[in-house]
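build the 3D model from these lines:
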Amino acid sequence: MILDLSDPATLGALGAGALALLLLVVVLAMSARLRDLSRAQAQLTGTLAGLADAQARAEAGTAAALTDGAARTAASLGALQQRLAAIDAAQSRIEDLSSNVLGLQDILSNKQTRGAFGEIQLHDLVAKALPPDAFTWQATLTNGRRADCLIHMPDPPGPLVIDAKFPLESYEALLAEPSQTTKTAFRAALRTHIRAIADKYVLPGETADGACLFLPSEAIYAELHANHPEIVREGFVARVWIVSPTTMMATLNTLRAVLKDHRMREQAGDIRRALAALGRDVELIVERAAKLESHFDQARRDVEGIATAAERAGRRAERLDAFDFGEEAAAKPRLAPVIRRG
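Residues are numbered from 1 along each chain as shown. This is a model prediction of the structure:
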């Protein structure tokens, strides 16, 4: 069969078939494209699901890390707050200590308050070592001078004066600038103070032939003996003995022993009378004990006599029970031994 291309119907049929074929090709291509798009969409969906899971895991890890970091941060902040509180407390204590040091410096910079400061330390030492009636504070002597402390020692040596003031200014100048000038000034101040004590408080017939200079600082005492021994020797010559808190306590213990010995010697007569009375009491006890022993001996003999009579009465009861009325041989009395006393 031959197609007539000049025939419009034939051309129309051919055009329609080509168009149908083209449409079929397009449909097939679209179907393949849709299948590819479906597979791509499925893959994209899996990828998105994986990304969502990874994002969820990342968010969970981030949240846990943030929570842990927040906890550590809170703990660090708490520890920091505690340390800051401790620093504040330490700063407060340092401020209090600084105020106390400034107060002590103010006390020691004034002669009157410095003397009171030394008297407080001396008061504590004396009150611990001696009985209350063995000393007097601020005692007035016949020359009108007031002694910081007067120990009532027996004669000899007599009442002992203890001075509680000390030249601090020259010592502070020596510490601030240790030079020959400050050393000379320190020695001069001590010599002047030693002479003043000897003139004021060493009164023949009224006080002891010496006095004590109390230094409430072991540092000054060590400085004197280490670097200024000539001052200590001059004090010995002037009969002014320089003492520190440690040596003051040893001196007070020695004075207490002297006072105790003196009071014992004063009370020796009373002690002898008390011992004599005690001896008489002991003799009376011995005498009464001897009498009591003799009473015990008599009671023992009486008990032995009672036992003998009871034994004899028992034998007679046995004979009566056996209807034996014969003569009973007289039993020899049992005599208790006689205790002779020399």
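
state the mean pLDDT of the lengthiest helix in the chain.
Taking DSSP state H as the criterion, the chain has its longest helix at helix 8-109. Averaging pLDDT along helix 8-109 gives 77.

what does stretch 126-138 give?
88.

cool, stretch 257-273 as well?
The average pLDDT for stretch 257-273 rounds to 81.

about what we covered before: same for the longest helix of the chain, what does it pack against?
Contact partners of helix 8-109 among helices and strands, from 3 or more Cβ pairs under 8 Å, 6 or more residues apart in numbering; DSSP states H and E: helix 111-129, helix 168-176. Any C-beta I mention is one placed from the backbone N, CA and C, and that applies to glycine too.

okay, those helices in TSV with mean neighbour count next?
Converted to TSV, these look like this (neighbours: other Cβ atoms under 10 Å):
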stretch	mean neighbour count
helix 111-129	16
helix 168-176	17
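
the residue positioned nearest the centre of the chain and R83: what is the separation?
Nearest to the mean C-alpha position of the chain, counting by Cα atoms, centre = their mean, stands R93 at 18.7 Å. The spacing between R93 and R83, counted by Cβ to Cβ, to the nearest Å, is 15 Å.

nearest to V25, out of the helices and strands packed on helix 8-109?
Of all those, it is helix 168-176 that lies closest to V25, at 114.5 Å by Cβ to Cβ.

can you check what angle separates that closest one from helix 8-109?
130 degrees (axes from the mean of the first three to the mean of the last three Cα atoms, to 10 degrees).

H295 versus the residue nearest to the centre of the chain, what's the distance?
R93 is 80 Å from H295, where distance means Cβ to Cβ.

check contacts around D209.
By Cβ atoms under 8 Å, 6 or more residues apart in numbering, the contact set of D209 is 157-158, 202, 239.

drop anything exposed from the residues you listed.
Among those, those classed as buried by 16 or more other Cβ atoms under 10 Å are 158, 202.

in strands, which of the contacts of D209 appear?
For the contacts of D209, not one is inside strands, with DSSP state E as the criterion.

from the contacts of D209, which is closest to T181?
Using Cβ to Cβ, R239 is the member of the contacts of D209 that lies nearest T181, at 29.8 Å.

just checking, the closest one touches A198?
Yes: under the criterion of Cβ atoms under 8 Å, R239 makes contact with A198 at 6.6 Å.

comparing the helices and strands packed on helix 8-109, which yields the minimum mean pLDDT?
Of all these, the minimum mean pLDDT falls on helix 111-129 (a mean of 74).

how many neighbours does E304 have?
Counted with other Cβ atoms under 10 Å, the neighbours of E304 add up to 14.

same check on L141?
L141: 16 neighbours (other Cβ under 10 Å).

model confidence for it, exactly?
If you check L141, the pLDDT there is 89.

any idea how far it is from C212?
L141 is 15 Å from C212, by Cβ to Cβ.

what do you get for G314?
From G314 across to C212, the span is 91 Å (Cβ to Cβ).

intersection of neighbour lists for R239 and A198?
Residues touching both R239 and A198 by Cβ under 8 Å, 6+ apart: A211.

just to revisit the earlier point, and of the helices and strands packed on helix 8-109, who's closest to A219?
Nearest of these to A219, taken as Cβ to Cβ: helix 168-176 at 8.5 Å.

packing partners of the closest one?
Packing contacts for helix 168-176, counted by 3+ Cβ pairs under 8 Å, 6+ apart, involve helix 8-109, helix 180-201, helix 218-227.

can you put these in JSON lines and add distance to H152?
As requested, the helices and strands packed on helix 168-176 are arranged in JSON lines below (distance: least, Cβ to Cβ, whole Å):
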{"stretch": "helix 8-109", "distance to H152": "30"}
{"stretch": "helix 180-201", "distance to H152": "15"}
{"stretch": "helix 218-227", "distance to H152": "26"}
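
just name the most buried of these.
Burial of the helices and strands packed on helix 168-176 is given as mean neighbour count (mean count of other Cβ atoms under 10 Å); helix 180-201 ranks first at a mean of 17.

who are the packing partners of that helix?
Contacts defined by 3+ Cβ pairs under 8 Å, 6+ apart place helix 180-201 against strand 160-163, helix 168-176, strand 211-214, helix 229-237, strand 240-243.

by mean pLDDT, show me the worst of those.
Looking at the helices and strands packed on helix 180-201, the lowest mean pLDDT belongs to helix 168-176 (a mean of 81).

got the CA positions of that helix in CSV?
C-alpha atoms of helix 168-176 as CSV (Å, rounded to 0.1, in the frame of the first residue of the first chain):
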residue,chain,number,x,y,z
LEU,A,168,61.0,53.7,124.8
GLU,A,169,61.6,56.7,122.5
SER,A,170,65.4,56.3,122.4
TYR,A,171,64.9,52.5,121.8
GLU,A,172,62.5,53.2,118.9
ALA,A,173,65.0,55.7,117.4
LEU,A,174,67.7,53.1,117.7
LEU,A,175,65.6,50.6,115.8
ALA,A,176,64.6,53.1,113.1
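
can you state the direction angle for that helix and helix 218-227?
With the same axes, to 10 degrees as the basis, helix 168-176 and helix 218-227 are set at 70 degrees to each other.

what separates R57 from L66, distance-wise?
Separation of R57 from L66 (Cβ to Cβ): 15 Å.

good, we can wrap up now.
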